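Asker: Quick one, what's the 3D model for this:
(2 chains)
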Amino acid sequence: MLDYAVMYSDLVTSNLRLINGIAIHTSGSGPPVVLLHANGGDHHDFDAIVGDLARHATVHALDWPGHGASAAVADPSACGFAELLPAILEQLGEGPFTLIGNSIGGFAALRTAARRPDLVQALVLVNPGGFTPRWPTTFMACRLFGWERFAPVAMRMLPRLYLRRRTPEVGSIRAAAVVGSRDPARVRTFARIWRSFTDPDHDARADARNVDAPVLLIWGTRDPILPWLVDGRRARKMLDRAQVAALPCGHQSFAELPDRFMAEVMEFMGWEDGGR
Amino acid sequence: MRTETPRRGPGSRAGGNHPTRLELLDAAATLAGSEGIDALTVSAITTASGHAKGTFYVHFYDRSELIVELHRQFHDDLFAAIKQETSTLPPGRDRACARIESFLDGCRARPLVRAMLLEARALPEILDLVDDRNTEAATLLEDDLRTITHHPRETAQLLVSATVEVARQELTKGRRLPRLRSALYELIA
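Answerer: This next block holds a predicted model:
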């Protein structure tokens, strides 16, 4: 018998769960994939690729605390989110997972892969954080974007600055950032995370050496926040066994060049196109 | 609907879950999703599903009955997904927003939505069904709005119309419109 759910929707089922106050949006069926968005975004950042991914995998797109539909936490930080992730994966069950992480999500994914290898099958890192050199300019940027009076401006400005291609999804992400910048709770979370980037523990280099899982490193070469020639070079050096793809776009290649992003992921995961 | 009394003649000879009927519906959904309601002719559907034209009339009285069935299935599926998605949330403004968000996201994920939301609404045979669906959606939202407004039912009806308008604009623009969604939620702030 034909399945009507399949007939009407590419996303076979869509389901919202709250695990420890963290919203997980699940769709599709197959091996489990977890999507981890960047600071200031939400699970909608991945909208351009979720449909394609859901044809091959069970996609869990989460909202970090204080983002999207998730409850805020008192002290959000990059390292805090990285420590949170294994517990979420354990509660999701049916691992090991393929983690697709962007920016702070990439950092959390990498740390989880290094410290809890049993939970991670493969890693796709999209302009991950944690490879930024500790230069005075880094501290200045983190202080500036972490200043709560400037943070609303930064929230609106950054997606305009670091998303370099105009796709419909990019338009949505920029508009969502404007909406978020008017919410004091969102702004506070955004600012605190920026301040947490100066934490000496926010360093992915040691973790990168300890990762056994296969890694696909996708870097948008026009990203001004995590530049390809600085952060990208350091990431490649530390993740010497990783498969590397440099795409001509900004911080979020899955929204800016979804087709090329998916082609890289499909090849990496060994998925067949299925004639679509 | 023509199902009150068993009748003889076209559309009466096979059961609701007959595999051929489902194949015809499947082909119709694919066609409507890719080319719109106007492309949905009996010959196009039978060609796409590989059945003879006469077979169509074994399962459906006419094209209208098929469109009504598509509309029903589309909304059943969408509403079931919304209910499932928000089943764990307590009644209140947050659940209302989650349900609206779920409807809008659901619309974006379904290829058939353009045909159902933009084109089918203008068809006379669908008009009553649209009203029924709006009432159903308003009833769902009503529970959530009791603590917010003195007129939960009326507010829910207005909210449903506004939500459909947002979905329609998102369809036309071909992307999510976060500012419009935010404005919608602020209506019940």
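Asker: Can you pull the domain assignment for chain B?
Answerer: B:19-61, B:67-186 (automatic domain parsing).
Asker: right, and those domains - which one's nearest residue A:17?
Answerer: domain B:67-186 (7.3 Å; C-beta to C-beta). Any C-beta I mention is one placed from the backbone N, CA and C, and that applies to glycine too.
Asker: As TSV, the domains of chain B with mean pLDDT would be great.
Answerer: Output for the domains of chain B, formatted as TSV (pLDDT from 0 to 100):
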stretch	mean pLDDT
domain B:19-61	88
domain B:67-186	88
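Asker: out of the ones you listed, nearest to residue A:111?
Answerer: Judging the domains of chain B by C-beta to C-beta, what sits closest to residue A:111 is domain B:67-186, at 29.3 Å.
Asker: For residue A:81, which of the domains of chain B is the nearest?
Answerer: Per C-beta to C-beta, nearest to residue A:81 of those: domain B:67-186, 22.7 Å.
Asker: and chain B, which residues reach chain A?
Answerer: Residues of chain B lying close to chain A (C-beta under 8 Å from any C-beta of the partner chain) are B:17, B:19, B:22-23, B:25-26, B:29, B:73-74, B:77-78, B:81, B:84-86, B:88, B:98, B:101-102, B:105-106, B:108-112, B:173-179, B:181-182.
Asker: quick one on the thing from earlier: how about a markdown table for the domains of chain B, with distance to residue A:170 and mean neighbour count added?
Answerer: Listed next are those as a markdown table, based on distance: least, C-beta to C-beta, whole Å; neighbours: other C-beta atoms under 10 Å in any protein chain shown:
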| stretch | distance to residue A:170 | mean neighbour count |
| --- | --- | --- |
| domain B:19-61 | 25 | 17 |
| domain B:67-186 | 9 | 18 |
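Asker: Quick one: closest of those domains to residue A:189.
Answerer: domain B:67-186 (17.1 Å).
Asker: And the residue of chain B closest to chain A?
Answerer: Chain A sits closest to residue B:175 of chain B, with a gap of 3.4 Å, by C-beta to the nearest C-beta.
Asker: Can you tell me how far the residue most central in space within chain B is from residue B:132?
Answerer: Nearest residue to the geometric centre of chain B (C-alpha atoms, centre = their mean): residue B:75, 3.4 Å. Counting by C-beta to C-beta, to the nearest Å, the separation of residue B:75 from residue B:132 is 9 Å.
Asker: what does residue A:184 give?
Answerer: Relative to residue B:132, and taking C-beta to C-beta, residue A:184 is found at 41 Å.
Asker: How about residue A:95?
Answerer: 44 Å.
Asker: Same check on residue A:213?
Answerer: With C-beta to C-beta as the criterion, residue A:213 and residue B:132 are 51 Å apart.
Asker: any idea of the mean pLDDT for whichever helix or strand residue A:85 is part of?
Answerer: Assigned by DSSP states H and E, residue A:85 belongs to helix A:78-92. Per-residue pLDDT values over helix A:78-92 give a mean of 95.
Asker: ok, now which ones touch residue A:63?
Answerer: By C-beta atoms under 8 Å, 6 or more residues apart in numbering or on different chains, the contact set of residue A:63 is A:22, A:23, A:25, A:37, A:42, A:43, A:69, A:70.
Asker: Contact partners for the last one?
Answerer: Read that as residue A:70. Counted by C-beta under 8 Å, 6+ apart, residue A:70 has contacts A:18, A:21, A:22, A:23, A:62, A:63, A:64.
Asker: helix, strand or coil for it?
Answerer: Secondary structure, DSSP: H, G, I helix; E, B strand; the rest coil: residue A:70 is coil.
Asker: ok, now how distant is the closest residue to it other than its chain neighbours from chain B?
Answerer: For residue A:70, ignoring the flanking residues on the chain, the nearest one in space by C-beta to C-beta, 6 or more residues apart in numbering or on different chains is residue A:63 at 4.1 Å. Distance of residue A:63 to chain B, given as C-beta to the nearest C-beta, to the nearest Å: 12 Å.
Asker: Ok, residue A:198 next?
Answerer: Taken as C-beta to the nearest C-beta, the span from residue A:198 to chain B is 30 Å.
Asker: ranges for the helices of the stretch 101-250 of chain A?
Answerer: For the stretch 101-250 of chain A, helices defined by DSSP state H, counting those that start in this stretch occupy the ranges A:104-115, A:136-145, A:151-162, A:168-180, A:184-196, A:205-209, A:233-238.
Asker: gap between the second one and the chain center?
Answerer: Which is helix A:136-145. 22 Å (C-alpha atoms, centre = their mean, to the nearest Å).
Asker: just the fourth one next, same as before
Answerer: Distance of helix A:168-180 from its chain centroid, counting by C-alpha atoms, centre = their mean, is 16 Å.
Asker: Ok, stretch A:229-238 next?
Answerer: 18 Å.
Asker: Please list the residues outside it that contact it.
Answerer: A:125, A:127-128, A:131-133, A:204-205, A:208-209, A:217, A:219, A:221, A:226, A:242, A:244, A:246.
Asker: Now residue 178: closest residue in space, sequence neighbours ignored.
Answerer: As the question left the chain open, I've gone with chain A. Per C-beta to C-beta, 6+ apart, closest to residue A:178 is residue A:156, 5.3 Å.
Asker: wrong chain, I was asking about chain B
Answerer: Sequence neighbours aside, residue A:176 is the residue nearest to residue B:178 in space, at 3.9 Å (criterion: C-beta to C-beta, 6+ apart).
Asker: I'd assumed residue B:175 was in contact with the one you found.
Answerer: No - if you go by C-beta atoms under 8 Å, residue A:176 and residue B:175 don't touch, sitting 10.9 Å apart.
Asker: mind listing what residue A:178 touches?
Answerer: Residue A:178 touches A:156, B:178, B:179, counting by C-beta under 8 Å, 6+ apart.
Asker: 10 Å instead, please
Answerer: A:152, A:155, A:156, A:159, A:160, B:178, B:179, B:182 (C-beta atoms under 10 Å, 6 or more residues apart in numbering or on different chains).
Asker: Residue A:172: which of the residues you listed is nearest?
Answerer: Out of the contacts of residue A:178, the member with the shortest distance to residue A:172 (by C-beta to C-beta) is residue B:178, at 6.0 Å.
Asker: give the contact list for the closest one.
Answerer: Per C-beta under 10 Å, 6+ apart, neighbours of residue B:178: A:42, A:44, A:171, A:172, A:173, A:174, A:175, A:176, A:177, A:178, A:179, A:180.
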